[in-house]
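**Q** sharing a sequence plus its predicted fold:
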Amino acid sequence: MVKLTDVARAAGVGYGTASRALSGKGPVGGDARTRVLEAARELGYTTDATARALRERRTRSVGLIVPDMTNEFYTASAEVLQEVLRAAGHHLLVATTGNDPGREQEALQEMAARRVDGVVHVPSGATATQPSPVPVVELNRYSGRNVPAVVSDDFNGVKELTQLAIDAGYTDIAAIVGPDIYSTSRDRLAGFKTATQEAGFDENAATGKRLRVVFTEFTAEGGARAMRTLLADPPQAILPLSSRLVMGVLRTAREAGISIPNDLALAGYGDPDWFEIWGPGITTFAPPLAEMGARAAGILLDLINGDHPEPAVTRIKGQLRLRGTLNPLTPGNHSD
C-alpha cells in the first residue's frame, strides 16, 4: 500500500509539503504541488479516509432519509443534493423508510452510528423523534422539530392552482389530498380551502358553489379509491394533489368512461415527464424540486461547518404549468 511518505520521496519534498499539496490546505511553493500530484498519480496513492476522518473528526458522509426512491419528488431533489455535497467533498448514504416511523427512527440511529456529518430527512410526520446527535435538515415536509426545513410553498401554489379552476368558471370543485399527518397534505389543503372559501364556496353544499375534500393515501391506488367515491356525483373539476393521486384518478376515470377534460376538468400537483405528453397535457403546480435539494444541502453544509442557521421553515415558490386538462367551462359541458 502506497504511503504518503512514498509520494513525498518520489516528488522530492518533505512529508508536510506533500500533505499540504494533496489536501489543498496551506501554502506549497514553486512547482512542488504539481510534482506531488504527479507522483501520487503514478504511484496510485489514495487518501486513507479512516485516518482523515479521525484527524478531522468528520467522515465526510451525509445521510439522506426518504420514504422511497421511486417518487420523482425525492429522486429529483436527491440528484441535486448529491451534486452539491459531492462538490463540497461529501458522499451520500441513502436510507428509505416507507413512511414508517419505526423504520425512520432506525434509519436515524443507523446514520448516527455510521458517524455521518449530517442528515437530510423527509420526516414521516410530526413524530416524537429523539434529538439527533448530528445536524439535521428536513426536506419537503416539516415535523415541528427544532431543525431547519426546506419545502415547496404548497399553500400559495395550490391556492393559485385552485384559483385557475375558479376563474375558468367551475363551481363544483373537489380536491384529493393525502393523510393530514403530513405537512404537505395540510399545506395543500389549506391553499385549496382558502381559494374556494374566499370565492364563496361552501364545503359539501347542496346548492350553489360547492367544494369537496377526499382524504386518501399518497398512492395511485389511493387516488383511484378517492375517485371512485366521487363517481356517483362527479364534480366539474378535480384537483388530485400529488402526481400519484393524478395517476389513480386518470385510471378510474378511464374505467368509468369519463373523458378528461370534456367530462371532467383536472389540475394536478407535481410535474413528472408524462404530465406534459398525456392527452392534452396536465395543468399542474410544479414544486421547485431541484432548488429545494440545493437549498437543503447548503443549509446542512453551514451546520456541519459550525454555522447556526435559524431552525425555520424555508418555503420556495414553484410554478404553474398551464396545459389542456383545465379549460374554461363552456355551455353544455360539466353541467350539474
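**A** Looks like it came in fine.
**Q** am I right that residue 20 is in contact with residue 28?
**A** Yes: under the criterion of Cβ atoms under 8 Å, residue 20 makes contact with residue 28 at 5.2 Å. (C-beta placed from N, C-alpha, C; glycine too.)
**Q** and residue 259, how many residues sit next to it?
**A** Neighbours of residue 259 under the rule other Cβ atoms under 10 Å: 11.
**Q** now it: which helix or strand?
**A** Counting by DSSP states H and E, no helix or strand carries residue 259.
**Q** quick thing: my sequence starts at 876, can you match it?
**A** Happy to do that; since the first residue is 876 now, the last one works out to residue 1134.
**Q** tell me which element residue 939 falls in.
**A** Residue 939 belongs to strand 936-941, assigned by DSSP H and E.
**Q** quick check: mean pLDDT of that strand?
**A** The pLDDT scores in strand 936-941 average 91.
**Q** so which elements touch that strand?
**A** With contacts taken as 3 or more Cβ pairs under 8 Å, 6 or more residues apart in numbering; DSSP states H and E, strand 936-941 sits against helix 947-962, strand 966-971, helix 976-988, strand 993-996.
**Q** quick one: the first one to strand 966-971, angle?
**A** When you say that, I think you mean helix 947-962. 160 degrees (axes from the mean of the first three to the mean of the last three Cα atoms, to 10 degrees).
**Q** just checking, residue 973 touches residue 942?
**A** Yes: counting by Cβ under 8 Å, residue 942 is a contact partner of residue 973 at 6.1 Å.
**Q** between these two, which has more neighbouring residues?
**A** residue 942 (22 against 11).
**Q** one step back: show residues contacting the strand holding residue 939.
**A** Here strand 936-941 makes contact (Cβ atoms under 8 Å, 6 or more residues apart in numbering) with 949, 953, 956, 960, 965-972, 979, 982-983, 986, 989-997, 1175, 1179.
**Q** quick check: residue 920 vs residue 1160, distance?
**A** Taking Cβ to Cβ, to the nearest Å as the measure, residue 920 and residue 1160 are separated by 51 Å.
**Q** residue 1126 and residue 880, how far apart?
**A** From residue 1126 over to residue 880 (counting by Cβ to Cβ), the distance is 65 Å.
**Q** buried subset of the contacts of strand 936-941?
**A** 949, 953, 956, 960, 965, 967-968, 970-972, 979, 982-983, 986, 991-997, 1175, 1179 (16 or more other Cβ atoms under 10 Å).
**Q** would you map the strands across the protein?
**A** 936-941, 966-971, 993-996, 1011-1014, 1024-1027, 1047-1052, 1077-1078, 1085-1090, 1112-1115, 1140-1144, 1158-1161, 1188-1191, 1194-1196 (DSSP state E).
**Q** export those as a markdown table, with columns for distance to residue 1132.
**A** Formatted as a markdown table, the strands of the chain follow (distance: least, Cβ to Cβ, whole Å):
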| stretch | distance to residue 1132 |
| --- | --- |
| strand 936-941 | 37 |
| strand 966-971 | 38 |
| strand 993-996 | 44 |
| strand 1011-1014 | 40 |
| strand 1024-1027 | 34 |
| strand 1047-1052 | 19 |
| strand 1077-1078 | 28 |
| strand 1085-1090 | 20 |
| strand 1112-1115 | 16 |
| strand 1140-1144 | 16 |
| strand 1158-1161 | 22 |
| strand 1188-1191 | 40 |
| strand 1194-1196 | 27 |
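**Q** list the contacts of the residue lying closest to residue 1109 once chain neighbours are set aside.
**A** Nearest residue to residue 1109, sequence neighbours excluded (Cβ to Cβ, 6 or more residues apart in numbering): residue 1139, at 6.1 Å. In this structure, residue 1139 makes contact with 1109, 1110, 1111, 1112, 1113, 1128, 1133, 1209, judged by Cβ under 8 Å, 6+ apart.
**Q** leaving out chain neighbours, which residue sits closest to residue 883?
**A** residue 893 (3.8 Å).
**Q** neighbours of the one you found, how many?
**A** Counted with other Cβ under 10 Å, residue 893 comes out at 28.
**Q** nearest to residue 1009 among the contacts of residue 1139?
**A** Nearest to residue 1009 among the contacts of residue 1139 is residue 1113, at 42.7 Å by Cβ to Cβ.
**Q** bridging residues for that closest one?
**A** Applying DSSP bridges to residue 1113 gives these bridge partners: residue 1049, residue 1141.
**Q** now do the helices in this protein.
**A** 879-886, 890-898, 907-918, 924-931, 947-962, 976-988, 1029-1042, 1058-1073, 1095-1105, 1118-1130, 1148-1152, 1164-1179 (DSSP state H).
**Q** what about stretch 901-919, average pLDDT?
**A** For stretch 901-919, the mean confidence score works out to 82.
**Q** and for that stretch, what are the contacting residues?
**A** So stretch 901-919 is in contact with 877, 881-883, 885-888, 892-893, 895-897, 920, going by Cβ under 8 Å, 6+ apart.
**Q** the more surrounded of residue 1126 and residue 880?
**A** Higher neighbour count among residue 1126 and residue 880: residue 1126, with 15 against 11, using other Cβ under 10 Å.
**Q** nearest residue to the more buried one in space, please, no chain neighbours.
**A** Nearest residue to residue 1126, sequence neighbours excluded (Cβ to Cβ, 6+ apart): residue 1099, at 5.5 Å.
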